[in-house]
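Visitor: Sequence and predicted structure, then a few things I'm wondering about:
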Amino acid sequence: MSIDPYTVAQTLLDADAVLLRPDDPFTFASGLLSPVYCDNRLLLGNVAARRTITAAFAPRCDDAEVLAGPATGGIPWAAWVAEQLALPMAYVRGSAKGHGRGQQIEGAAVAGRRVVLLEDTISTGESALVAAEALRDSGAEVIRCGCIFTWGWSATATRFETANVPLHPLATLPDLLDVAATAGQLSAAHRTLIESWANDPQGWQTNH
């Protein structure tokens, strides 16, 4: 079953995993102001949403031999989709352990195998790209990175293109804004404001 981006976007809105607050911006850990906040960890506790996202990921992963998730956000999604597709699963730490076997990649062997990397949210893409590099260093063929949601920043897209890691989000910010506007949850003025932030977050912050 193919689940379209608007269904995923509606799922995120219904689960309050994405919040739109143009008049009262959120503050990211970096200090950056944002009129939108995404917390896909909330999906872990929502069984219906979890099943929708897992089902949306599955057809995008059926050519993989192993599914992998960066710690920590990608781990549950890699596990649930791997179970649905009966595939081996691995997870990737940000760096190798300093004790025991000193592993960075745990779970299934990845050398010589086609791997799809799954992440919950992609902003700058740093954690996903670190994981992709570790997988490749271990001999894996990383065929793509899937994520539930991405802001769609051009700098992020460039980073994935440079790393030769195709990025495949289930839903993007424009998808989500379309759904919210259609449902009457977002005015035209607020949509323009959010789009201006997405195009230039630093510049938007200076003006707000």
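Guide: Thanks, I have the structure now. Numbers count the residues shown, from 1 in each chain.
Visitor: switch to C-alpha atoms for all contacts and neighbour counts from now on
Guide: OK.
Visitor: Please state the offset of stretch 141-153 from the chain centre?
Guide: How far stretch 141-153 lies from its chain's middle: 6 Å, per C-alpha atoms, centre = their mean, to the nearest Å.
Visitor: Backbone dihedrals for the closest residue to residue 110 other than its chain neighbours, please?
Guide: Leaving aside its chain neighbours, residue 110 sits nearest to residue 140 (5.2 Å; criterion: C-alpha to C-alpha, 6 or more residues apart in numbering). Main-chain dihedrals, residue 140, degrees, to the nearest 10: phi -80, psi 160.
Visitor: Determine the number of other residues adjacent to residue 140.
Guide: Using other C-alpha atoms under 10 Å, residue 140 has 20 neighbouring residues.
Visitor: Make sure it is actually in contact with residue 116.
Guide: No. Using C-alpha atoms under 8 Å as the test, residue 140 is too far from residue 116 to be in contact (9.8 Å).
Visitor: what residues are up against the residue nearest to residue 110?
Guide: 110-115 (C-alpha atoms under 8 Å, 6 or more residues apart in numbering).
Visitor: rerun that using 10 Å as the cut-off
Guide: Contact analysis of residue 140 by C-alpha atoms under 10 Å, 6 or more residues apart in numbering lists 66, 109-116, 132-134.
Visitor: and it, how far is that from residue 175?
Guide: 32 Å (C-alpha to C-alpha, to the nearest Å).
Visitor: ok, which stretches of the protein are helices?
Guide: 5-14, 47-57, 75-85, 126-137, 154-162, 173-182, 188-199, 201-207 (DSSP state H).
Visitor: wait, which of these is closest to residue 92?
Guide: helix 126-137 (5.8 Å; C-alpha to C-alpha).
Visitor: Next, format the helices of the chain as a markdown table and append distance to residue 33, mean pLDDT and mean neighbour count.
Guide: Shown next, in a markdown table, are these (distance: least, C-alpha to C-alpha, whole Å; pLDDT from 0 to 100; neighbours: other C-alpha atoms under 10 Å):
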| stretch | distance to residue 33 | mean pLDDT | mean neighbour count |
| --- | --- | --- | --- |
| helix 5-14 | 20 | 98 | 20 |
| helix 47-57 | 27 | 97 | 18 |
| helix 75-85 | 28 | 97 | 21 |
| helix 126-137 | 19 | 95 | 19 |
| helix 154-162 | 18 | 94 | 14 |
| helix 173-182 | 16 | 96 | 18 |
| helix 188-199 | 9 | 94 | 16 |
| helix 201-207 | 6 | 82 | 13 |
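Visitor: Format these as JSON lines; extra columns: distance to residue 29.
Guide: Shown next, in JSON lines, are the helices of the chain (distance: least, C-alpha to C-alpha, whole Å):
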{"stretch": "helix 5-14", "distance to residue 29": "21"}
{"stretch": "helix 47-57", "distance to residue 29": "26"}
{"stretch": "helix 75-85", "distance to residue 29": "22"}
{"stretch": "helix 126-137", "distance to residue 29": "15"}
{"stretch": "helix 154-162", "distance to residue 29": "18"}
{"stretch": "helix 173-182", "distance to residue 29": "20"}
{"stretch": "helix 188-199", "distance to residue 29": "17"}
{"stretch": "helix 201-207", "distance to residue 29": "14"}
